[in-house]
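>>> From the sequence below, what's the structure:
(one chain, ligands or ions: 1)
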Amino acid sequence: MTISDDVLVDVQGVKVHFPIKKGVIFDRTIGYVYAVDGVDLQIHRGETYGLVGESGCGKSTLGRAILNLEPPTEGKVIFDGTDIASLKGETLRRKRQDIQMVFQDPLSSLDPRQSVESLLLEGMKAHGLVKDAKAANARLRELLKAVGLPAAALQKYPHEFSGGQRQRIGIARALSVDPKLIVADEPVSALDVSVQAQVINLLEDLQQEFGLTYLVVAHDLAVVRHISDRVGVMYLGALVEEAAADDLYAAPLHPYTRALMSAVPVPDPVVEDRRERILLTGDLPSPANPPKGCRFHTRCPWRQETRCDTERPQLRVVEIDGVPATHRVACHFAEAIASGEIRPHDVAAIAVDPSAQESDDFGSFGGPATVGEVTDI
Ligand SMILES: Nc1ncnc2c1ncn2[C@@H]1O[C@H](COP(=O)(O)OP(=O)(O)OP(=O)(O)O)[C@@H](O)[C@H]1O
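Below is the predicted model:
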């Protein structure tokens, strides 16, 4: 796919902090959940940007901030050249048409009392796209054809479909208003594995056909790798690494990403046998009380005193031979770790963990806290 240089979404220093309240009569703010804490990223027209990270790292909140459903505490989102927070009334309504969402669970996002026809017409009516009955009917049939459903589906209700078919309806609904960007939050994680590939292929076909741009939020590394042109990895509200999907999977540079990648099995049995894994120690810290300095330092096998626990690293281009300038990493010591100059001091944390091999969640962020090949760079 050709990705244009043209930026459709420009996320600038976005923070979303949720107040933690206490008290029955007088609500007192006693702290904040730092769900998104200073993210800069750009999504180009026609590309698929995959946002990955374990549960609670803030990826859905960032997606919602891009949709203008969660106003940023700080920073801004420029969509198609306009700061979406500055829009009101009719202009906001028109801009909303350009950004649509596909949800994880189509059953809970589709009103069970509405037929498919009514579900699809709803958005079109709200955006003034229904001129006359004949044209609307033709458009509905066109939409169903695009997502691979028969015209007879129009008269049916969500419960009459399988999970994969319901997700197709959700996608048709998003497409019905002719959007520029689709934010898909865990679009296949509620589906059977056999159906996941079909829905991913459908999303890819539709992107080609309609020139769509996607932000795909997911915790599953395999799904993100398959669908994305570029990938951003989030940890505790921050973007820790961003690169073209192939570059990131071939050579993850941030200790967290390396750890995650090492949990993915290699199809070659010889390589698989020798594969080292990094066992991340400690729990994921609370986003209400994130560690100072580098947020990952409390679990990082390569952490260095005192810089890692005092100074927060910026997302930056690293200077490593063969690593393109499009690969950005938020680690003070990415170069020294890659060259082997800094060795992991928690050697015990890097070992083959047999339990990880048996896990069903292998290769997803929801799986065991094992991580990365450390000798491959
Ligand atoms: N409306 C809210 N009020 C308070 N805290 C919230 C709110 N929405 C999200 N959070 C908190 O913000 C943090 C980030 O949540 P978010 O849903 O963005 O993470 P996520 O990476 O998408 O996780 P998941 O994959 O489980 O959805 C979590 O600690 C969550 O509990």
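
>>> tell me the SS of Thr29?
Assigned by DSSP: H, G, I helix; E, B strand; the rest coil, the conformation of Thr29 is strand.

>>> before we move on, what about Val266?
Under three-state DSSP, Val266 falls in the coil class.

>>> Could you do His159 as well?
Following three-state DSSP, we place His159 in the helix state.

>>> Look up the closest residue to it, ignoring the ones flanking it.
Pro112 (5.9 Å; C-beta to C-beta, 6 or more residues apart in numbering). For the C-beta atoms, the positions are set from N, CA and C on the backbone; glycine is no exception.

>>> element containing the residue of the stretch 201-350 of the chain found nearest the ligand?
The stretch 201-350 of the chain approaches the ligand most closely through Pro287 (4.5 Å), counting by C-beta to the nearest ligand atom. Pro287 belongs to no helix or strand when elements are defined using DSSP states H and E.

>>> Now do the same contact list for it.
33-35, 37, 56-58, 236-237 (C-beta atoms under 8 Å, 6 or more residues apart in numbering).

>>> Look up how far the ligand lies from the closest residue to Gly211 other than its chain neighbours.
Nearest in space to Gly211, with sequence neighbours left out and distances taken as C-beta to C-beta, 6+ apart, is Gly46 at 6.2 Å. Distance, Gly46 to the ligand, by C-beta to the nearest ligand atom, to the nearest Å: 25 Å.

>>> what do you get for Glu54?
On the measure of C-beta to the nearest ligand atom, Glu54 and the ligand end up 7 Å apart.

>>> Let me know the secondary structure of that residue.
coil.

>>> Report how many residues lie close to it.
Close neighbours of Glu54, defined as other C-beta atoms under 10 Å, add up to 18.

>>> Need the pLDDT of it.
Per-residue confidence (pLDDT) for Glu54: 88.

>>> Test my guess that it contacts His219.
Yes - with contact defined as C-beta atoms under 8 Å, Glu54 counts as touching His219 (6.3 Å).

>>> still on that earlier bit, pretty sure the residue nearest to His159 belongs to a helix, no?
No - Pro112 is assigned coil when assessed by three-state DSSP, not a helix.

>>> mind listing what it touches?
Going by C-beta under 8 Å, 6+ apart, Pro112 touches 157-159.

>>> Tabulate the residues you listed (JSON lines), appending neighbour count, distance to the ligand and pLDDT.
Formatted as JSON lines, those follow (neighbours: other C-beta atoms under 10 Å; distance: C-beta to the nearest ligand atom, whole Å; pLDDT from 0 to 100):
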{"residue": "Tyr157", "neighbour count": "15", "distance to the ligand": "28", "pLDDT": "96"}
{"residue": "Pro158", "neighbour count": "21", "distance to the ligand": "22", "pLDDT": "94"}
{"residue": "His159", "neighbour count": "9", "distance to the ligand": "25", "pLDDT": "93"}
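
>>> what's the closest of those to Asp178?
Within the contacts of Pro112, proximity to Asp178 (C-beta to C-beta) peaks at Pro158, which comes in at 22.8 Å.

>>> Can you tell me how far the spatially closest residue to Asn289 that is not a sequence neighbour is from the ligand?
Once flanking residues are discounted, Asn289 sits nearest to Gly31: 7.8 Å by C-beta to C-beta, 6+ apart. Separation of Gly31 from the ligand (C-beta to the nearest ligand atom): 11 Å.
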